[in-house]
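Chemist: 3D model of this:
(chains A and B)
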Amino acid sequence: MAVRRTASKAVRGKAAKKAPGRGIAITAALAGMTMLAAAALPLCILVLAGLVPAMVAALLDRYRAKYLTRTVGAMNAAGLAPLVLQLSTHGLSMAEATRLLSSPFNWLMMYGGAAVGWALFLAMPTLARTIVDVRADQMQRQLKARAEELVQEWGEEVTGRSAQKR
Amino acid sequence: MAQAARQESQGGEGRVVTLAGHFDVHVDQPLAELWTAHAGAYAAVDREMPSASLFALICDPQMPPRLEVLEALRGMRLDAMLVPLVWGIVEWPLAARRCFAIVYDRPAGGAVAPGPDRSGAVPEDELVRAVLPPLVSSLGQFLAAGATHRAIRANNVYYRDGARRFATLGDCCSTPPALTQPVLYETVESGLANPWGRGDGTAADDLYALGVAILVLLLGRNPVGELPDDRLLLEKMNRGSYAAIVGSERLSSTMIEPVRGLLTDDPRERWSIQDLELWLHGRRLSPKQPTLPRRATRAFEFNGESHFTARALAQAFTRKPASVPQALKSPEFETWLQRSLGDAERTKLVASALSESVEPGVAGHEDLLASRAAIALDPAAPIRYKGVSVGVGAYGSALAGAFRGHLSLSAVAEAIVARLPVFWFSAQPGLRPEQVPVLKTFERMRLHLEDRRPGFGAERVAYESNPTLHCLSPLIEAQYVLEPADVLRAMETVLEQRPAEEPQIDRHLAGFLGARFKLAAVEWLDEIGSADPGTRALGTLKLLAKLQAASGPRAVRHTAARLARQLPAALERFRNRARRKQLLEELPRLAEKGSLVDLLALVDGAAERQRDNLGFTAASHEWARIERELGHLRVDGPRRPERAALLGAQMASGIAMFLAWAMALGLIVVVA
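Modeler: Residues are numbered from 1 along each chain as shown, chains lettered A, B, ... in the order given. All right, here's what the predicted structure looks like:
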């Protein structure tokens, strides 16, 4: 919900429109998962279970450029990557997949990564706001200082507000 | 020919003022016998020819001298006229100012008229044998050259030699024409004019004066000395000049002839110089009977007085202008003019005067109507308006007199603006070709008078029509400046003596420069009249710098320093504050050099001004851009959280991608 509140109306408006390749991407993802399930079911189960936060983020993401999905997905994938590596080194067996999924630490690693991504996404706008405000204030100060310099150098006439001498 | 003069002190010989390098005027040696009403006479010596007997006339600064007559006299070197050897402006210690001086050959025989006051009878034989022949001969040549003397009177005739054998006419150049002539010596027309308004006149005026001079020299006194001028004029108008002046005096039959011939009131009937020469050579003419003015069969009553002649009525009109409209509208006037006077020409002119006059009720209506009616009734008389009577050729001189308080300036100027001279010309029997340029001159004068800007107005007209009128600006009046080239020198001298004085171009100096300094641009004169002190100071600097560039002097430190004090206001034109400050700091340094040209280049340099203008334009554009950007920032304020949210999302996405990439890279390294 926080994501919805911070996203601008315009951005959200844009997000509301369906992206043209979205259906294709979903179809491609489903096809890929099906092929993955057929080829390596344990890996498919691990990935599907581990990437739930990313999928939730994708569902909630209202940005056209899918910033939330990218942020949460990237961190979620980073948490999942060691487990996928571990599973692949043990021959992609169902027993190993079951073992990995039964470890709370592994869940913490996968979902913790996603949480870090989510936290990053929630914290950054505040930081960005600070940066934007500072930059605007700095520009305003510079412009006013330059304006003052111009008045000092050329007099009030330069503003066009006082009667011209000639 | 304004020649530089210098004053010297010579121990033991009294004060000496030197003119043209070698003519010494002895300040402490006045010559009472050569003193005139408006010029003091002093002994003078030519150092290059010490044996020559000379004297100098120091002219009254109020009187513009007659330079063109001086030139003519020096060129002609006539036997019976004082020959001016040199003239110019001298620093005159007795007046503590600069004055115009003329050095003449000194008439060694003294005044022709005996007696301490140059009055006394001259025997007829001496007059005919020694006095008149050279006078008539020289006067003939002088008049033939187109000049007029206008100062012929009994007390202005001298003997050139110690033996008192050759007479000579005295000075006629130290005052405007006929200004010093008593009414006795002037024709009725000239006598009606104010002394400042008589003008150069004609040869006939000089011959009339010669006739009176002969009579006075013969009698040894003024035969009508007890009559006041007004009464004498009236007598001349009513009885004719000869009868009015000679009266019951007894003249020899020999002398009656020239006196009567010269005192004829109609200039066409008056003796010419040739008539006089013939008479001197023994040819006797039958005396002419003077033609008296046309008299009406009955009098016209105006303001309680009876008038029989148009001339007398015209004179009465100008004295009581308030009653003129009523008199002109009365049926009695029309009847008198048409039937009693029977002058059809006068009747037409009066009708013209009435038809072209201004509407009743307008200020000055009566004066204008009276003046026009007077011109119509007496076209030969001078123009009389609001008590000022000026001959049509003497408006320049009249303006000069008016500026010195001898006449009403407004009356003289208003007469020109009201086109009275034009009406005067239209009333003359026929417009001669030589009068056309005069008419154009009056039109030009009128345009100048109606223009109230500095450099125009009555001052401009006065200087244009009086080439010998020196600049009357209070600042430099005492310096007797006749030429623009002398203005800066005079100003520098005055400012050096008076530390509190500020250089300024008042209406007189502006008019003087407008008339005689052709390089002066009208815009500069306009700037002088500006209410803005900066523009005024800059206009003053431009004019004075142009004067300095044209004729020097190269350094006028006092003028430059005082002008520099006025110029900070002019620097306000520079909008760059830093440049303005820099120029302000440079002003005193440049003023110290005394170059007004450099000073002008500093405060009004074209390149500098252009740079300033371009800089200002660029700064104005920059200011506008800053305003726009600040406006955008203000407008952008409410939208900033949305932009920050987007930026935050972008940043979070970027950081996450980087971290993921780094971890993947780390994993690969560990596995490998």
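
Chemist: Find the closest residue to chain A in chain B.
Modeler: B:Gly648 (3.0 Å; Cβ to the nearest Cβ). Where you see a C-beta, it was placed from the backbone N, CA and C, and this is true even at glycine.

Chemist: quick one, phi/psi of that residue?
Modeler: Phi and psi for B:Gly648, reported as degrees, to the nearest 10, are phi -60, psi -40.

Chemist: Does it touch A:Val132 like I think?
Modeler: No. Counting by Cβ atoms under 8 Å, B:Gly648 does not reach A:Val132; the two are 9.3 Å apart.

Chemist: Determine which member of the two has the greater number of neighbouring residues.
Modeler: Neighbours were counted for B:Gly648 and for A:Val132 using other Cβ atoms under 10 Å in any protein chain shown; B:Gly648 has more, 25 against 20.

Chemist: got a list of what the more buried one touches?
Modeler: B:Gly648 makes contact with A:Thr6, A:Phe121, A:Ala123, A:Met124, A:Pro125, A:Thr126, A:Leu127, A:Ala128, A:Arg129 under the criterion Cβ atoms under 8 Å, 6 or more residues apart in numbering or on different chains.

Chemist: do the same with B:Ala213
Modeler: B:Ile152, B:Arg153, B:Ala154, B:Val157, B:Tyr185.

Chemist: Which strand or helix spans B:Arg643?
Modeler: helix B:640-671 (DSSP states H and E).

Chemist: For that helix, which residues meet the burial criterion?
Modeler: B:640-657, B:659-660, B:663 (16 or more other Cβ atoms under 10 Å in any protein chain shown).

Chemist: tell me the average confidence for that helix?
Modeler: Helix B:640-671 comes out with an average pLDDT of 89.

Chemist: Let me see the ranges of the strands in the stretch 351-500 of chain B.
Modeler: Along the stretch 351-500 of chain B, the stretches classed as strands by DSSP state E, counting those that start in this stretch are B:383-385, B:388-390.

Chemist: for the ones you listed, which one sits closest to B:Arg221?
Modeler: Closest approach to B:Arg221 among the strands of the stretch 351-500 of chain B is made by strand B:388-390 (28.1 Å; Cβ to Cβ).

Chemist: so how far is that closest one from its chain's centroid?
Modeler: 16 Å (Cα atoms, centre = their mean, to the nearest Å).

Chemist: Stretch B:93-107 now?
Modeler: What separates the centre of stretch B:93-107 from the centre of its chain is 21 Å, taken as Cα atoms, centre = their mean.

Chemist: Need the distance between the two termini of it.
Modeler: One end of stretch B:93-107 to the other measures 25 Å (Cα to Cα, to the nearest Å).

Chemist: For that stretch, could you pull out the residues that count as buried?
Modeler: Using 16+ other Cβ under 10 Å as the test for burial, stretch B:93-107 gives B:Arg98, B:Cys99, B:Phe100, B:Ala101, B:Ile102, B:Val103, B:Tyr104, B:Asp105, B:Arg106, B:Pro107.

Chemist: cool, stretch B:434-448 as well?
Modeler: Neighbour-count burial for stretch B:434-448 [16+ other Cβ under 10 Å]: B:Val438, B:Thr441, B:Phe442, B:Met445, B:Arg446, B:His448.

Chemist: next one: stretch B:230-241
Modeler: Buried residues in stretch B:230-241 (16+ other Cβ under 10 Å): B:Leu232, B:Leu233, B:Leu234, B:Glu235, B:Lys236, B:Met237, B:Asn238, B:Arg239, B:Gly240, B:Ser241.

Chemist: Which single residue of chain A ends up nearest chain B?
Modeler: For chain A, Cβ to the nearest Cβ, closest residue to chain B: A:Pro125, 3.0 Å.

Chemist: could you measure the residue nearest to that residue when sequence neighbours are not counted against A:Ala128, distance?
Modeler: In space, and not counting its chain neighbours, A:Pro125 is closest to B:Gly648: 3.0 Å by Cβ to Cβ, 6 or more residues apart in numbering or on different chains. According to Cβ to Cβ, to the nearest Å, B:Gly648 and A:Ala128 sit 4 Å apart.

Chemist: Please apply the same query to B:Glu585.
Modeler: 52 Å.

Chemist: Those two: which has the busier surroundings?
Modeler: Using other Cβ under 10 Å as the criterion, B:Glu585 and A:Ala128 rank with A:Ala128 on top: 21 against 9.

Chemist: beta partners of B:Arg384?
Modeler: For B:Arg384, the beta-bridge partners under DSSP bridges are B:Ser389.
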